[in-house]
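Engineer: this is a predicted model, with the sequence first.
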Amino acid sequence: AQSVSQHNHHVILSEAASLELGCNYSYGGTVNLFWYVQYPGQHLQLLLKYFSGDPLVKGIKGFEAEFIKSKFSFNLRKPSVQWSDTAEYFCAVNRNNAGNMLTFGGGTRLMVKP
Amino acid sequence: ETGVTQSPTHLIKTRGQQVTLRCSSQSGHNTVSWYQQALGQGPQFIFQYYREEENGRGNFPPRFSGLQFPNYSSELNVNALELDDSALYLCASSVRASSDNEQFFGPGTRLTVL
């Protein structure tokens, strides 16, 4: 079965620190990859997505992610976090032949200290 | 905010009861997916409806059922509620049931089963 692993469950950073959240998936075929963010009290929002092309994807709010096919990874990065980035982050994978059913990782709760 | 709305916001039921959750998709979207998000976990795919028919199902028992209406709104029905059904239920809509289509999530319905 396809699975998505997010190894960091909780991350605490100070403002201006760099962020990298890990995401690995187990499916070997063609996949589409997503990062979603859930701010406190708000709905899930799409940060960025990868379908094809340049494996380095730029998203909103200064986030980026790199797809490394050989490592089955899609790690999320931000050079300098802000207090407003405090949220829960979810990696999600969709197989190309599975409609748009998403398989989510368990999430990483990020707290940024001011 | 997306154009996806869900009702009710919160719901408390007891074991064995039945519940119906509702979702209105974003304008122009004809596909609705339902996800269950247990506390501290990532969302898990329940099923998807496209053109009023079930178009994929996750690992959930038959007591989880759904409907999609001609206006593309949707219902999730859960029979014989169990304590483990307590979760946030998310609805997501998209333009079509295709892997390259972004899903837009609603705010969710928090169900508590006592």
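Structural biologist: Received, thanks. Numbers count the residues shown, from 1 in each chain, chains lettered A, B, ... in the order given.

Engineer: list the contacts for whichever residue of chain B sits closest to chain A?
Structural biologist: Ranked by Cβ to the nearest Cβ, the top residue of chain B for proximity to chain A is B:Gly42, at 3.4 Å. Where you see a C-beta, it was placed from the backbone N, CA and C, and this is true even at glycine. B:Gly42 is in contact with A:Val4, A:Gln6, A:Phe90, A:Ala92, A:Phe104, A:Gly105, A:Gly106, A:Gly107, counting by Cβ atoms under 8 Å, 6 or more residues apart in numbering or on different chains.

Engineer: quick check, nearest of those residues to B:Gln36?
Structural biologist: Each of the contacts of B:Gly42 was checked against B:Gln36 using Cβ to Cβ; the closest is A:Phe104, at 10.7 Å.

Engineer: find the nearest non-adjacent residue to A:Leu48, please.
Structural biologist: Excluding the flanking residues, the one nearest A:Leu48 by Cβ to Cβ, 6 or more residues apart in numbering or on different chains is A:Gly59, at 2.7 Å.

Engineer: scratch that, A:Lys78
Structural biologist: Of all residues not flanking A:Lys78 in the chain, A:Leu19 sits nearest, at 4.4 Å (Cβ to Cβ, 6+ apart).

Engineer: state the helix or strand in which the closest residue to A:Phe74 other than its chain neighbours lies.
Structural biologist: Leaving out its chain neighbours, the residue that sits closest to A:Phe74 by Cβ to Cβ, 6+ apart is A:Leu33, at 4.4 Å. Taking DSSP states H and E as the definition, A:Leu33 sits inside strand A:31-38.

Engineer: could you tell me how far that strand lies from the centre of the chain?
Structural biologist: Taking Cα atoms, centre = their mean, to the nearest Å, one finds strand A:31-38 lying 5 Å from the centre of the chain it belongs to.

Engineer: okay, buried residues for that strand please.
Structural biologist: By 16 or more other Cβ atoms under 10 Å in any protein chain shown, the buried positions in strand A:31-38 come out as A:Val31, A:Asn32, A:Leu33, A:Phe34, A:Trp35, A:Tyr36, A:Val37, A:Gln38.

Engineer: still on that earlier bit, give me the neighbour count for the residue nearest to A:Lys78.
Structural biologist: Look at A:Leu19: counted by other Cβ atoms under 10 Å in any protein chain shown, it has 21 neighbours.

Engineer: residue contacts, it?
Structural biologist: Residues counted as contacts of A:Leu19 (Cβ under 8 Å, 6+ apart) are A:Val11, A:Leu13, A:Leu76, A:Arg77, A:Lys78, A:Val81, A:Asp85, A:Leu110.
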